[in-house]
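> sequence and predicted model, in that order:
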Amino acid sequence: MTAFLDYGSDAVLMARLTGDNWRIEDYVARGGYEALKAILTAGTPPDQVLAEIKLSALRGRGGAGFPTGMKWGFMPRGAPEKYVVCNADEGEPGTFKDRDILRFNPHSVIEGMAIAAYVMGCACGYIYIHGEIWDVYERCEEAIEEARAAGVIGQRIMGSDFSFELFNHHGFGAYICGEETALLESLEGKKGQSRYKPPFPANVGLYGKPTTINNVETLACVPLILRNGGQWFLDLGRPNAGGTKIFSVSGDVERPGNYELRLGAPFAKLLEMAGGVRGGRKLKAVIPGGSSSPVLPGAIMMETDLDYDSIAKAGSMMGSGAVIVMDETRCMVRSLMRLSEFYHEESCGQCTPCREGTGWLAHIIHRIEHGEGRPGDVDALDRVAHNIMGRTICALGDAAAMPVRSFVKHFRDEFEYHIEHHRCQVADHV
Amino acid sequence: MSEIVIDKSGWLNLQINGKPVQMPPGSTVMEAAQEIKEFIPHFCYHKKLSLAASCRMCLVQVEKFPKPVPACATPVSEGMKVWTRSEIALAAQQSVMEFLLINHPLDCPICDQGGECQLQDMAVGYGKGTSQYRENKRVVPGKEMGPLVSAAEMSRCIQCTRCVRFGDEIAGQMELGMIYRGDRAQITPFINDTVESELSGNMIDLCPVGALTSKPFRYQARTWELSRRKSVSPHDALGANLIVQLRRNQVVRVQPLENEAVNECWLSDRDRFSYEALNSEARLTKPLVKKDGVLIEADWQEALPLAAARLKNIMERDGCESLGVLISPHATLEEATLLSRLMRALGCDNIDHRLRQQDFSHAFQPSQVPWLGMPIADVSKLKAALFVGSFLRHDQPLLAARVRQAARRGAVISSLHSMPSDWMLPLAHEKVVAPSQVASALAALVVAAHREAKVEQTLPTALQGITPSVADAAMVRSLLNTPERSAIFLGSFAQQHSEAALLHTLAQRLAEYTKVTFGVLPEAANSVGAALAGAQPQKNGLNARAMLEQPRKAYVLLHTEVPFDVAQGSTARAAMEQADFVLSLSPFRPSEESALPDIVLPIAPFTETSGTFINMEGRAQSFYGVAPPLGETRPGWRVIAALAGLLGQPFTEMEPDEVRASCVPSADSVTARLSNRIDSVLSTLPQAAEKTIERVAGVPIYHADPLVRRATSLQCTPLAASPKAAMNAALAARLGLVKGRMVRITQGKNATEALLFWVCDDRLPTNTVRFDMAHPLTAGFDVCGEFHLEAAS
């Protein structure tokens, strides 16, 4: 298998991967399943494991960055039937890290899920895999078979009292199914539409039972934390955000791909690892956390470190770590049109502001891009996006609105130029 | 009456717009607001449906919440402060309204919902005069949903999904769904391109916009042109409360009148759409008198004295016993009471309203009235129920909806029947046996109950030697868990069974052993009322079956159509034909298939007379006429009174209120007479019948009474389709039936014959064929008689 597998010198999650050494014996040779074995042999109390996770300051890698230890702690203790679900429905445009983890290091996720299940008392787990990466689904099927044969999942694992069954499930490529409650609906065999919260999945989740949903990368971190200690993991990153993070760099760079960096590393370093802006052009803008995070002008981004708080301070979000780099030749109207068309296409249609608003936004931007913009359109964009934000059932409404508001905020002149001159400013001036 | 004291300890205190309110934990902000009459705009929220929280119209501001939250889905908490009209709340509500309107066609002037549209009303309150939306509007293709619900303008749909949730949760069959995503999302029927539920009309009420409208009512009138009057449904024994709506004194629409204790906020399609028959061509406007074998119109002055004279002649000539009186259980209490009174005064006790019953050997006291055994509302709260021989969904559609609610909350519902159930609810236990085996199957349950409940009293000898199965024991145990909230009900099939009295006795015994409520599901709107009115033999009179099998010289039919409304179609027709005189009191011209009466006096249907129906729980519901009588139609009670005068037995009551006062018993006296208990000895069980072919006959929902039989739109629905002969593959093979061939059914000396399509249903018991009664094709058969089946050539 050929792939770009140099994740950088900081890599711990993706260290020593060649593309072919994904099988269980390779994983074990890298120290895999040691953490699970240690816990089960020693009978470590779940609370002690949980304390280690809390110490590590591991935060969710799917986008929201919620502290993982706290999330696990929400699961009710006594409930007889509980589930742990791995969200591998990586649909956020610009994000392609989970695919690599599952493809090249699937057992790290399986071990992470087994440990999570042990901590939270779940007997069953699911990996919900994005519908458009069939090869990854097949790889995961093989990996689970290996794990089952090796006795690291299944009944009475390694002779302990702990049993854990794990299954793969593939979606059909709907973006909304990456939203955890829509994922649960889809997993139950229904149309992917998010549920209203409360109740939260920790109380009423899959099949109405307490459920925790974690991102692939989050779960892959778990064995590392337990093998090397929470303090080690914490020291890799920032005080309230431990560990490394895989960034999916795409757009106008010389070497697009996945790079693993310590949380808090400067953006400039990431850009350098990716070979810098393509063709030596000027950096114009960066979307730092996947398509739904607000865009930031290049100048601001060059001053920003890559961790949750620093990016938030700069006015955007760490999100899933999908860094979309845009150089000076990119038209921001056209870029936003592509994003808005995506959200228009992917809105599930359940709640009014998102259903109607995403279409409205896409229509306006489409007109502006095609020289049919009208005075007032830019204000309308901002107003419509504002009216979607915070008024929908799930975060997809915000996800559709935030790019619009940030594009308009930072690059308003380009939109105005389009409307006034019926053509693109970038094409005219660069 | 003593005031109901509610224990409010543990309730939560909150404030809405500064007004304090106390709510039990688990309530929502929406419920709290409704409690203190603070209006929060909403579309997707409906108190009887699950929460969707998707329209976002009910966004309100809550202290300490960073964003506005939907009132419908936000649970109340102690000390919560809610503002429904603050700047933040209003801004959110107005923006949602703007979103809802951008793709909604502004075609209110030609929209059937105009004037009664929630979106229209709410747009006035929360919308702006102009919109900034300058793009093209979405167009959604119309959908075909059958003859009752119009979905021609789905562009108007605001995706609230009330109709989808109604189908799934209340009707029990999810016939509508939302396909596609985003602003391409569409509501569509996805099975057979139609909506077949017997409760489908409620979707029209639930639709907050003009997307789903009533097909029969479309473009008939604007809402503000209608006058609205209360009434009561004349069909099933639930007695659904109606708002009858008239334009120029003609009924053009029927909607539910909310009554939580009876129909909640629902109506069955039969209650809702049968009004079309009121305006149909089949309505009589003048009396009819038979001359030379043909019915021709006559004046009241001619017809009424003639009717009285002929009755008098026959009574003088052949005695009072030579009369038979068949009173429909759909007739009002007043009509049934007065006619029974008149006939008794004349010395005739051959009176009956149990027209489809075959076995009358129950040891009922004359004054005793069988009933549901419990309040209707309690059916929703049942924990377990066993239905013996019930066509529940077709006989009592809204009671079925309540049972479905109970089942959704975990109630264990069981059925013993000769038909596989189609109740659209999860059945925990189901036993399907041939009609002749129902009694022994029920007996096995009684024995199982005797064991499971460890009854000390010895088992009746007739039941000794019966070994119940594991499934019998499981069914019985479901009743034993919470006996105070469990019940056994006898359905119409059990009541119309040829061993009805035995089934009643066994079911009663089963209820005794398990200590659960025992109920009977009465057939029609006034079955309980007719029994209270004495519309059945009180001394030695003949019952309905005997009156037909021992032909009388004259018959008086009240709202009764022969052969449709009786079990003995063939016998009844012969009886009518041999009689010297048949007097029919009916709103309708006799249909082609009917046995022709000699005189038909046009009496008012329920909308044109005052009257009372007493429903299955013993609730007397009186109503006034809502429309003037059509043509020379007269209220039935008035015609009976006039007849009484001519027959020398004048009544003293002359006004509607006087009649009501003299006919409607007090609530206490009703309660005192309601009882299902019979004292009969459980003698030997009948031996299992020979291996002949047995028949199961239900009453099709849209053929059950004269009114619904003439409701044109309902007659176009699949549920009104011609009956088919259903049997299992083994029987079909034995008869040599192949696909596409029809089956010929023949019966008796009158050579009744029917050609029916047949369907294979392997869930049917061996040697059992189902073909329903009351339909023109099959009404001519005697339900209990022998019949012959063969493949038609």
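Right, received. Where do you want to start?

> I'd say residue B:656 and residue B:612 touch.
No. Counting by C-beta atoms under 8 Å, residue B:612 is not a contact partner of residue B:656; they are 10.6 Å apart. The C-beta positions use only the backbone N, C-alpha and C, and glycine is treated the same way.

> who's more crowded, those two?
Looking at residue B:656 and residue B:612 with other C-beta atoms under 10 Å in any protein chain shown, you find the greater number of neighbours at residue B:612, namely 24 against 18.

> just the buried positions in the one helix or strand in chain A whose mean pLDDT sits lowest, please.
Least confident helix or strand, chain A: helix A:425-429 with a mean of 85, by mean pLDDT, DSSP states H and E. Of the residues in helix A:425-429, those with enough neighbours to count as buried (16 or more other C-beta atoms under 10 Å in any protein chain shown) are A:425-426.

> just the residues contacting it, thanks.
By C-beta atoms under 8 Å, 6 or more residues apart in numbering or on different chains, the surrounding residues in contact with helix A:425-429 are A:328-332, A:413-414, A:417-418, A:421.

> top of those residues by number of neighbours, please.
residue A:418 (27 neighbours).

> name the nearest residue to residue B:684, ignoring sequence neighbours.
Nearest non-adjacent residue to residue B:684, counting by C-beta to C-beta, 6 or more residues apart in numbering or on different chains: residue B:462, 5.0 Å away.

> so that neighbour: helix, strand or coil?
Secondary structure state of residue B:462, per DSSP: H, G, I helix; E, B strand; the rest coil, is helix.

> residues contacting stretch B:77-87, please?
B:12-17, B:29, B:32-33, B:38-40, B:60-63, B:71, B:89.

> before we move on, the earlier item: kindly indicate which of the contacts of helix A:425-429 lies nearest residue B:178.
Residue B:178 has its nearest neighbour among these in residue A:332, at 34.9 Å by C-beta to C-beta.

> interface residues of the stretch 151-300 of chain B facing chain A?
Applying C-beta under 8 Å from any C-beta of the partner chain, one finds that the stretch 151-300 of chain B approaches chain A through B:158-159, B:178, B:180-185.

> show me what contacts the closest residue to chain A within chain B?
In chain B, the residue that lies nearest chain A is residue B:185 (3.3 Å; C-beta to the nearest C-beta). When contacts are counted by C-beta under 8 Å, 6+ apart, residue B:185 is found next to A:348-350, A:355, B:159, B:178-179.

> pLDDT wise, what is it at?
What the model reports for residue B:185 is a pLDDT of 95.

> how about residue A:2?
In this model, residue A:2 is scored at 38, pLDDT.

> same question, residue B:626
At residue B:626, pLDDT is 97.

> confirm it sits in a strand?
No. Counting by three-state DSSP, one finds residue B:626 to be coil, located in no strand.

> touching, it and residue B:229? I think so.
Yes. Residue B:626 is within contact range of residue B:229, at 3.9 Å (criterion: C-beta under 8 Å).

> between those two, what contacts are shared?
Contacts common to residue B:626 and residue B:229, judged by C-beta under 8 Å, 6+ apart, are B:244, B:246.

> what does the stretch 251-400 of chain A have sitting close to chain B?
So far as C-beta under 8 Å from any C-beta goes, the stretch 251-400 of chain A lies against chain B at A:344-360, A:363-364, A:367, A:374, A:376, A:380, A:383, A:387, A:390-393.

> which residues touch residue A:327?
Counted by C-beta under 8 Å, 6+ apart, residue A:327 has contacts A:251-252, A:277-279, A:281-284.

> start to end distance for stretch B:104-111?
12 Å (C-alpha to C-alpha, to the nearest Å).

> in chain A, which helix is the longest?
Determined from DSSP state H, the single longest helix within chain A is helix A:396-421.

> now do that helix: distance to the chain's middle.
When distances are taken as C-alpha atoms, centre = their mean, to the nearest Å, helix A:396-421 is centred 24 Å away from the chain's centroid.

> and for stretch B:50-66?
38 Å.

> list the buried residues for that stretch?
Buried residues in stretch B:50-66 (16+ other C-beta under 10 Å): B:51-62.

> residues in contact with the closest residue to chain B within the stretch 1-150 of chain A?
Across the stretch 1-150 of chain A, no residue is closer to chain B than residue A:91, which sits at 13.2 Å (C-beta to the nearest C-beta). Shown in contact with residue A:91 (C-beta under 8 Å, 6+ apart): A:130, A:173-175, A:177-178, A:346.

> ok, which stretches of the stretch 301-430 of chain A are strands?
Applying DSSP state E, counting those that start in this stretch to the stretch 301-430 of chain A gives strands spanning A:305-306, A:322-327.

> swap in the stretch 1-150 of chain B?
With DSSP E, counting those that start in this stretch as the criterion, the stretch 1-150 of chain B has strands at B:12-16, B:19-23, B:59-62, B:69-70, B:80-83, B:149-150.

> which one's the longest strand in the chain?
Because you didn't say which chain, this covers chain A. Ranked by number of residues, the top strand in chain A under DSSP state E is strand A:244-251.

> looking at chain B here, not the other one
Chain B, longest strand under DSSP E: strand B:752-760.

> once you drop chain neighbours, what's closest to the closest residue to chain B within the stretch 101-250 of chain A?
When scored by C-beta to the nearest C-beta, the stretch 101-250 of chain A has residue A:196 as its residue closest to chain B, at 4.1 Å. Once flanking residues are discounted, residue A:196 sits nearest to residue B:53: 4.1 Å by C-beta to C-beta, 6+ apart.

> which residues touch the one you found?
When contacts are counted by C-beta under 8 Å, 6+ apart, residue B:53 is found next to A:196, A:351, A:393, B:44-45, B:70, B:72-73.

> just the pLDDT for it.
94.

> now do residue B:3
So residue B:3 comes in at 59 (pLDDT).

> so for residue B:261, which of the strands of the stretch 1-150 of chain B sits nearest?
Counting by C-beta to C-beta, residue B:261 lies closest to strand B:19-23 out of the strands of the stretch 1-150 of chain B; the figure is 23.0 Å.

> packing partners for the closest one?
Contact analysis of strand B:19-23 by 3 or more C-beta pairs under 8 Å, 6 or more residues apart in numbering or on different chains; DSSP states H and E lists strand B:12-16, helix B:29-35 as its packing neighbours.

> and the ones you listed, which is most packed in?
helix B:29-35 (a mean of 21; mean count of other C-beta atoms under 10 Å in any protein chain shown).

> against which helices or strands is that helix packed?
Using 3+ C-beta pairs under 8 Å, 6+ apart: helix B:29-35 touches strand B:12-16, strand B:19-23, strand B:80-83.

> now it: mean pLDDT?
Helix B:29-35 comes out at a mean pLDDT of 97.

> put the alpha carbons of it into CSV.
This file holds the C-alpha atoms of helix B:29-35, laid out as CSV (Å, rounded to 0.1, in the frame of the first residue of the first chain):
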residue,chain,number,x,y,z
VAL,B,29,-42.2,24.7,29.5
MET,B,30,-44.9,24.5,26.9
GLU,B,31,-47.2,22.6,29.3
ALA,B,32,-46.5,25.1,32.0
ALA,B,33,-47.3,27.9,29.7
GLN,B,34,-50.6,26.3,28.7
GLU,B,35,-51.4,25.8,32.4
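
> how far does it sit from the chain's center?
32 Å.
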